[in-house]
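In: Any chance you could fold what I've pasted below:
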Amino acid sequence: MRIPSFRFAAAAAGFLALAACADVSGPAPDAPEAPVRPKTVLAEYQCTASVRAGKAECRPAVPSAGVPANLILGDTAEIRLSNDNITMTRTADGDTMTTDVYLTNRLPQPIGTTEEFWVGPAPGGIRVYFVRGPVATRTSGSPAWIEVANPDGEETFLQANRKYFQYDNVVEPNDRSWSREWKFASKNVVTFSFSVLVSAPVPFPDGWLELDPDNFWMSVMTMWEDVTPTFRDYAGRAVPGGPVAWSSSDTSVMKVTQTGRVTRAGPGVATLTATETVPPGRSASIEVESYP
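Out: Numbering: from 1, shown residues only. Down below sits the predicted model:
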């Protein structure tokens with residue numbers, strides 16, 4: 001068996017320039033459209049931090065209700081959020097906690113791209129959204145406040161004005177992303193908490209179809225070969241799928257029944273294709289050579 005072979009730039013914020021004079025000629029130019037975010041998989045984390053101790057930790061959370069995406073990665077943590085190199089800066093005006101945060105990809109497909117054969121990062125890249133907080137859980141005086149000091153942007157994600165950090169690289173399976181520096185500015189805060197959602201584009205958000213065997217040949221001595229389709233989810237786990245329709249690119253070389261039984265018709269090479277007939281319409285093909 002074989003899984004398919006696998007080979008984020010900030011969204012442009014458009015605006016209309018307002019004329020300072022009343023007699024501007026010509027229509028105002030249209031605002032450029034921001035790139036459309038692709039379908040993503042999500043991983044939710046609940047995080048706690050101590051300003052006094054200079055520590056921070058994130059753990060997988062129970063998935064939130066109403067998240068507008070096709071998949072949620074909950075406590076399985078196929079996309080792991082980690083941090084290191086925590087530093088603290090304390091002044092009379094407040095404290096700043098800085099830490100390097102990176103992602104580890106445990107999926108059997110890359111994250112940060114929608115391309116099966118890698119050609120570059122997906123528009124908008126991998127984003128880590130603050131969906132709750134940060135909020136102070138213990139304070140040492142008044143006023144007390146805590147905020148994300150250096151986000152890459154804000155946009156509507158579940159709610160309006162959600163701050164996010166963006167990772168502009170493709171992360172292959174069992175690899176880690178570049179580190180991104182996160183800063184939290186606070187005043188009179190001892191500990192705080194927040195929740196984030198990692199939104200990661202992948203080539204196969206709906207999973208894929210796998211054929212077994214995925215490589216064989218036939219001769220006059222071969223009567224037939226049965227090919228079995230298996231549906232995989234985004235994490236490579238076997239899952240139920242829809243009906244499969246089979247086809248051959250050259251029936252003078254290979255014939256295939258709708259149950260996946262392949263018979264030789266003559267010498268040559270033919271491509272056999274299995275296609276799911278209902279959404280999401282996953283498909284897979286194998287090339288089979290027939291010898292005289």
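In: Between the two ends of stretch 168-177, how far is it?
Out: Taking C-alpha to C-alpha, to the nearest Å, stretch 168-177 runs 9 Å from one end to the other.
In: Buried residues of it, list them for me.
Out: Neighbour-count burial for stretch 168-177, counted by 16 or more other C-beta atoms under 10 Å, picks out Asp168, Asn169, Val170, Val171, Glu172, Ser177. Placement of C-beta: from N, CA and C, glycine included.
In: from the residues you listed, which is closest to Ser290?
Out: Glu172 (36.0 Å; C-beta to C-beta).
In: Grab the nearest non-local neighbour of that closest one.
Out: With C-beta to C-beta, 6 or more residues apart in numbering as the criterion, Glu172 has its nearest non-adjacent residue at 5.1 Å, and that residue is Pro110.
In: Can you tell me the number of residues neighbouring the one you found?
Out: Pro110 has 23 neighbouring residues, counting by other C-beta atoms under 10 Å.
In: That one reaches Asn174, doesn't it?
Out: No - if you go by C-beta atoms under 8 Å, Pro110 and Asn174 don't touch, sitting 10.5 Å apart.
In: any idea how far Ser142 lies from Asp93?
Out: 15 Å (C-beta to C-beta, to the nearest Å).
In: Next: Pro213.
Out: Using C-beta to C-beta, Pro213 is found at 67 Å from Asp93.
In: for Asn215, same thing?
Out: On the measure of C-beta to C-beta, Asn215 and Asp93 end up 66 Å apart.
In: Out of the buried residues of stretch 168-177, give me the two with the largest separation.
Out: Farthest-apart pair in the buried residues of stretch 168-177 is Asp168 and Glu172; separation 15.0 Å (C-beta to C-beta).
In: neighbour-wise, which of Pro213 and Asp93 wins?
Out: Pro213 (13 against 8).
In: Let me see the contact set for the more buried one.
Out: Glu225, Val227, Ile286 (C-beta atoms under 8 Å, 6 or more residues apart in numbering).
In: of those residues, buried ones?
Out: Buried by 16+ other C-beta under 10 Å: Glu225, Val227, Ile286, out of the contacts of Pro213.
In: My read is that Val101 contacts Ser179, right?
Out: Yes - proximity of Val101 to Ser179 meets the contact threshold set by C-beta under 8 Å, at 6.7 Å.
In: Looking at the two, which is more packed in?
Out: Using other C-beta under 10 Å as the criterion, Val101 and Ser179 rank with Val101 on top: 21 against 16.
In: which stretch of helix or strand covers that one?
Out: Using DSSP states H and E, Val101 maps to strand 94-105.
In: least trustworthy helix or strand in the protein by mean pLDDT?
Out: For the chain, using mean pLDDT, DSSP states H and E, the weakest element among its helices and strands is strand 71-73, scoring a mean of 42.
In: I'd like the next helix or strand past that strand.
Out: strand 79-91.
In: buried residues in that next one?
Out: Ile79, Arg80, Leu81, Asn83, Ile86.
In: could you check the angle strand 94-105 makes with it?
Out: 160 degrees (axes from the mean of the first three to the mean of the last three C-alpha atoms, to 10 degrees).
In: okay, now the residue nearest to Glu147 when sequence neighbours are not counted: neighbour count?
Out: Excluding the flanking residues, the one nearest Glu147 by C-beta to C-beta, 6+ apart is Ala185, at 5.6 Å. Look at Ala185: counted by other C-beta under 10 Å, it has 19 neighbours.
In: okay, now Phe157: neighbour count?
Out: Residues near Phe157, counting by other C-beta under 10 Å: 20.
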